[in-house]
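Q: Generate coordinates for the sequence data below:
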Amino acid sequence: MTKRRVVILGATGSIGESARKVARNLPDRMEIVGMSAHANSAGLAEAAAEFPRARTALSSEPDGAEQLIALATLPEADLVLVAIVGTAGLAPALAAIEAGKDIAVASKEILVLAGEIVMDAARRKGVRVLPIDSEHNAIFQCLEGRSSDNVRRLILTCSGGPFRKTPAADIARATPEMALKHPTWSMGRKITIDSATLFNKALEMIEARWLFGVGMDRIDVVIHPQSIIHSLVEFVDGSQLAQLSRSDMCFPIQYAVTYPDRVAGSLAPLDLAAVGRLEFEAPREDVFPALRLAREAGTTGGTLPAVLNAANEIAVAAFLDGRILFPRIWELVETTMQAHDVTAHPDLPSLLAADAWAREFAHARIA
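A: Sure thing, here's the model as predicted:
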């Protein structure tokens, strides 16, 4: 039985809270040795009181970036769980890989922005990149080490968000309060808006391209409002495997921490009879263009996924602040992508420059 010594970057967010719950429930398998928060000092202090042996850091402090890297490279740590929203988790994730640590990725931006660099570094250092997103964790479980040559399609499931059945004309008048009412998951504000626009799924498509080494033409999305099947793999013989569980982020976190073992814990199993019905439908890509934009960005590659991600962050913040209408999120991202001069196979400085350019361009368009 192996105990994983884990650093949680983003310990006070929803993923961090779920990770602490897993550590609480499986003390023989998970020990928290480091935790960070951005500015939630009270929440971090509360977490530190429960796990007093863990080193802590606030990334909002003047030396916060250096503190994150120090946590990510702690000699005693063997797994770094990156749950920081935005691009701030990229540097510590790469530092952890270079230090020989496995990383568990819950921050979409790491692989969307720098998937090629991250996966190349992980292969070079011989460490694992373990997905925490329920969809990618589901695919990871279904594949169980099988080669991507055996895969015909990866099928990401999607709840459809609060506007799954809403007419397009009504979506155009959506308010932040309406968009923040997610039907299944309790998440942060930014990711909840991404679920409403389907940019959350768009980013996951690009992530899957890097995590599992398949082309964008082999990544599909299906709407599944019950969020019980977390994703599926279709193999070349036409068979499909799916992973099912209740909608609780503790499931993928626990599997990443205990991998390759499966461990009995306090998580309640799924009662399919109680669920009663599982439904599926195709996404309305004409109404939700985020999926089309993801295919374009993921197929083109280079700096374009970074531009998509950065422009979306700016657009979501502007929508939440009441400065743009809901459909402008898609429009702003597409306009920024069209204006970008793509660099193929970029290094990290080029990616960060593209990210900064996209933010400046999107800000200017909003102004």
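Q: so Ser266 sits in a strand?
A: No. Ser266: not assigned to a strand; according to DSSP: H, G, I helix; E, B strand; the rest coil it is coil.
Q: And for the residue nearest to it when sequence neighbours are not counted, the neighbour number?
A: Among residues not flanking Ser266 along the chain, Asn25 sits closest, at 4.7 Å (C-beta to C-beta, 6 or more residues apart in numbering). (Glycine included, C-beta is placed from N, CA and C.) Neighbours of Asn25 under the rule other C-beta atoms under 10 Å: 15.
Q: show me what contacts Asn25?
A: Cys250, Gly265, Ser266, Leu267 (C-beta atoms under 8 Å, 6 or more residues apart in numbering).
Q: Quick check: phi and psi on the third one?
A: Per-residue torsions, Ser266: phi -100, psi 0 (degrees, to the nearest 10).
Q: The last one now?
A: The main-chain torsion angles of Leu267 are listed as degrees, to the nearest 10 and equal phi -70, psi 130.
Q: For it, which non-adjacent residue is spatially closest?
A: Leaving aside its chain neighbours, Leu267 sits nearest to Cys250 (5.7 Å; criterion: C-beta to C-beta, 6+ apart).
Q: Just the buried residues out of the contacts of Asn25, in ChimeraX syntax.
A: Buried subset of the contacts of Asn25, written as a ChimeraX selection, criterion 16 or more other C-beta atoms under 10 Å:
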select :250,267
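Q: Around Gly215, how many other residues sit close by?
A: Neighbour tally, Gly215, other C-beta under 10 Å: 10.
Q: now swap in the one 4 residues further on and tell me
A: Other residues lying near Ile219 total 24 when counted by other C-beta under 10 Å.
Q: I'd assumed Leu203 was in contact with it.
A: No. The criterion here is C-beta atoms under 8 Å, and Ile219 misses it with Leu203 at 12.0 Å.
Q: one step back: ok, of the contacts of Asn25, which one's closest to Ala274?
A: Leu267 (15.7 Å; C-beta to C-beta).
Q: surely the closest one meets Pro252?
A: No. With contacts counted by C-beta under 8 Å, Leu267 stays clear of Pro252, the gap being 10.9 Å.
Q: Got phi/psi on the spatially closest residue to Val127 that is not a sequence neighbour?
A: Closest residue in space to Val127, ignoring its immediate chain neighbours: Asp102 at 5.1 Å, by C-beta to C-beta, 6+ apart. In terms of degrees, to the nearest 10, the main-chain angles of Asp102 are phi -70, psi 150.
Q: Is there a neighbour count for Asp102? I'd like the number.
A: Other residues close to Asp102 by other C-beta under 10 Å number 22.
Q: So for it, what's the pLDDT?
A: Asp102 is assigned 98 on the pLDDT scale.
Q: need the contact list for the nearest residue in space to Met216 that is not next to it in sequence.
A: Leaving aside its chain neighbours, Met216 sits nearest to Gly298 (4.2 Å; criterion: C-beta to C-beta, 6+ apart). For Gly298, the contacting residues are Met205, Ile206, Arg209, Met216, Ile219, Pro305, by C-beta under 8 Å, 6+ apart.
Q: May I have the secondary structure class of the closest residue to His224 other than its chain neighbours?
A: In this structure, His224 finds its nearest non-sequential neighbour in Thr157, 4.1 Å apart by C-beta to C-beta, 6+ apart. Following three-state DSSP, Thr157 is assigned to strand.
Q: wait, what's in contact with Thr157?
A: Counting by C-beta under 8 Å, 6+ apart, the residues that Thr157 touches are Glu135, Ala138, Val221, Val222, Ile223, His224, Ser227, Ile229, His230, Ser231, Leu232.
Q: which residues of this protein fall in strands?
A: 4-9, 30-37, 55-58, 79-82, 102-105, 129-131, 151-158, 219-223, 229-235, 240-244 (DSSP state E).
Q: May I see the ones you listed arranged in CSV, with distance to Ile171 as well?
A: CSV is the format used below for the strands of the chain (distance: least, C-beta to C-beta, whole Å):
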stretch, distance to Ile171
strand 4-9, 35
strand 30-37, 34
strand 55-58, 38
strand 79-82, 32
strand 102-105, 31
strand 129-131, 30
strand 151-158, 16
strand 219-223, 15
strand 229-235, 25
strand 240-244, 29
